[in-house]
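Colleague: A predicted structure for the sequence below; I have some questions about it.
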Amino acid sequence: MASKKDYYDLLGVDKKATKDDIKKAFHKLAHKYHPDKSSGDADKFKEVSEAYSILSDDKKRAEYDSYGQNFQGGAGAGGFGGQAGGFDFSQFQDAFQNGFGFDFGDVGDFFGGGGGARRGRDISIDLEVSFKESVFGTKRTVLLAKVGKCDTCHGSGAKPGTDLETCKTCNGAGRVHETTNSIFGQITMQQTCRTCHGQGKIPKEKCATCHGQGVLRKQEEVDIAVPAGIDGGEMIRLTGQGEAVQGGASGDLYVKIHVTPDPRYKKEGSNIISDLSVKLSDALLGADYKVETLDGAEKISIPQGVTHGETLTIKGKGISNNRGKRGDFIVKVKITLPQKLSKTAKNLVEKLKEEGI
């Protein structure tokens, strides 16, 4: 029966593709369509597997390139004999292991095996800091209820003073071979041993505190260093401060920072902006004012004839940048006008008006 399929098109590769290109293309598509996955497609998986078996074989590929649509797969329907509608998965598995360059057990997650390293769950929390703390940085200690290593056995699961022994389930290998049935026949994969969780050893006597698990839910204090200059919405990642898991690495703790606004200040890059109300007479004649910066009170001179909205700068009283240099404290002048004028004040303003002021 002649093939009506374009194997290159099925794998999404060019006719000049190298064997390595074909391997990579098949790896990606097999991962996508494998029927053991919830989003798998058995028909598509069968097609790309068929394409790979032909194009990965130099002789069959040369014949296919020569005869094209008239190419005979060499084993009946679709080029495969045996079970599962003309597709013998056991033969394909052998070819896959020997010709594709890796063993099924090394890619447990590739076919849903889940044989990767164990890792604890990540945790996310929110932390509120003041505007001043966001500028200068701060340290906080939070109390979290999470799964952590047992303080009695330090995560080993063994009663203190007792030894560990070789796991009888996996004979100390930490991994076991498991065989599952699929529409393509039996698939054998390596899995992390469920008895020792990949450690290869188990306690002779279990820890009484954690019952041999090595981990347990408890309250734990975590120190958080909030860096200077942080903005609201930024995240701090604390590696290994998430939940622990037996036989694996702890997850991470993610801290989302919320900065409490301060009505006196706002950030603008590495500078801090603050408004300063100045009386009309001081704006006209000039005066000295005290400005409350985050470092404390600072004296600033209002120049004679300053205008509304004009800015004055206090150097080095802003926010530290990534080079450790601080920005500036910018004072924006707001000239305040009196709501009511006394008779005397009105007369004085009239004289100013006569002077053209």
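Modeller: Noted; the coordinates are in hand.
Colleague: Now do the contacts for residue 237.
Modeller: Residue 237 makes contact with 252-255, according to Cβ atoms under 8 Å, 6 or more residues apart in numbering. (C-beta placed from N, C-alpha, C; glycine too.)
Colleague: hmm, try it at 7 Å
Modeller: Counting by Cβ atoms under 7 Å, 6 or more residues apart in numbering, residue 237 makes contact with 252, 254.
Colleague: and it, what element?
Modeller: Using DSSP states H and E, residue 237 sits within strand 235-238.
Colleague: chain center to that strand: distance?
Modeller: Taking Cα atoms, centre = their mean, to the nearest Å, the mean C-alpha location of strand 235-238 is offset from the chain mean by 10 Å.
Colleague: for it, which positions count as buried?
Modeller: Neighbour-count burial for strand 235-238, counted by 16 or more other Cβ atoms under 10 Å, picks out residue 236.
Colleague: For that strand, the averaged confidence score.
Modeller: For strand 235-238, mean pLDDT rounds to 94.
Colleague: Parallel or antiparallel, which strands does that strand pair with?
Modeller: strand 253-260 (antiparallel) (DSSP bridges).
Colleague: Look at the nearest residue to residue 47 once chain neighbours are set aside and say how many residues are nearby.
Modeller: For residue 47, ignoring the flanking residues on the chain, the nearest one in space by Cβ to Cβ, 6 or more residues apart in numbering is residue 10 at 5.5 Å. When neighbours are defined as other Cβ atoms under 10 Å, residue 10 has 20 of them.
Colleague: and if you look at the one 5 residues further on?
Modeller: With neighbours defined by other Cβ under 10 Å, the count for residue 15 comes to 11.
Colleague: continuing past the helix or strand hosting residue 277, what's the next helix or strand?
Modeller: Under the criterion of DSSP H and E, residue 277 resides in strand 271-279. For strand 271-279, the succeeding helix or strand toward the C-terminus, using DSSP H and E, is helix 280-285.
Colleague: buried residues in that next one?
Modeller: Going by neighbour count (16+ other Cβ under 10 Å), the buried part of helix 280-285 is 282-283.
Colleague: and if you look at stretch 147-162?
Modeller: Quick answer for stretch 147-162 (16+ other Cβ under 10 Å): 147-150, 152-153, 155-159.
Colleague: Can you check the distance spanned by it, start to finish?
Modeller: Here the two ends of stretch 147-162 are set 24 Å apart, with distance taken as Cα to Cα, to the nearest Å.
Colleague: Contacts for that stretch, please.
Modeller: Stretch 147-162 is contacted from outside by 120, 164, 203-210, 212-218, 220, 243-244, 246, using Cβ under 7 Å, 6+ apart.
Colleague: Specify the beta-bridge partners of residue 179.
Modeller: Beta bridges link residue 179 to residue 188 when assigned by DSSP bridges.
Colleague: burial count for it?
Modeller: If we define neighbours as other Cβ under 10 Å, then residue 179 has 8 of them.
Colleague: and what of residue 348?
Modeller: There are 13 residues near residue 348, going by other Cβ under 10 Å.
Colleague: Buried by neighbour count: which residues of the host helix or strand of it qualify?
Modeller: Using DSSP H and E, residue 348 falls within helix 343-354. Within helix 343-354, no residue is scored as buried using 16+ other Cβ under 10 Å.
Colleague: circling back: and the buried ones among the contacts of stretch 147-162, selectable in ChimeraX?
Modeller: With 16+ other Cβ under 10 Å as the criterion, this ChimeraX line picks the buried residues out of the contacts of stretch 147-162:
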select :120,164,203,206,207,209,210,212,213,214,215,216,218,220,243,244,246
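Colleague: Kindly check the end-to-end length of stretch 145-165 for me.
Modeller: One end of stretch 145-165 sits 32 Å from the other (Cα to Cα).
Colleague: avg pLDDT for it?
Modeller: Confidence for stretch 145-165, expressed as mean pLDDT, is 91.
Colleague: The residue nearest to residue 47 contacts residue 46, correct?
Modeller: No: using Cβ atoms under 7 Å, residue 10 makes no contact with residue 46, being 10.5 Å away.
Colleague: next one: phi and psi at residue 319?
Modeller: Backbone torsions of residue 319, given as degrees, to the nearest 10, read phi -110, psi 140.
Colleague: quick one: it from residue 130, how far?
Modeller: According to Cβ to Cβ, to the nearest Å, residue 319 stands 14 Å off from residue 130.
Colleague: of the two, who's got more company?
Modeller: More neighbours surround residue 319 than the other of residue 319 and residue 130, with 23 against 13 (other Cβ under 10 Å).
Colleague: where does that one land on pLDDT?
Modeller: According to the prediction, residue 319 has pLDDT 92.
Colleague: Could you do residue 15 as well?
Modeller: Here, the pLDDT recorded for residue 15 equals 88.
Colleague: for the stretch 101-250 of the chain, what are the low-confidence residue spans?
Modeller: 101-117, 182-185 (pLDDT under 70).
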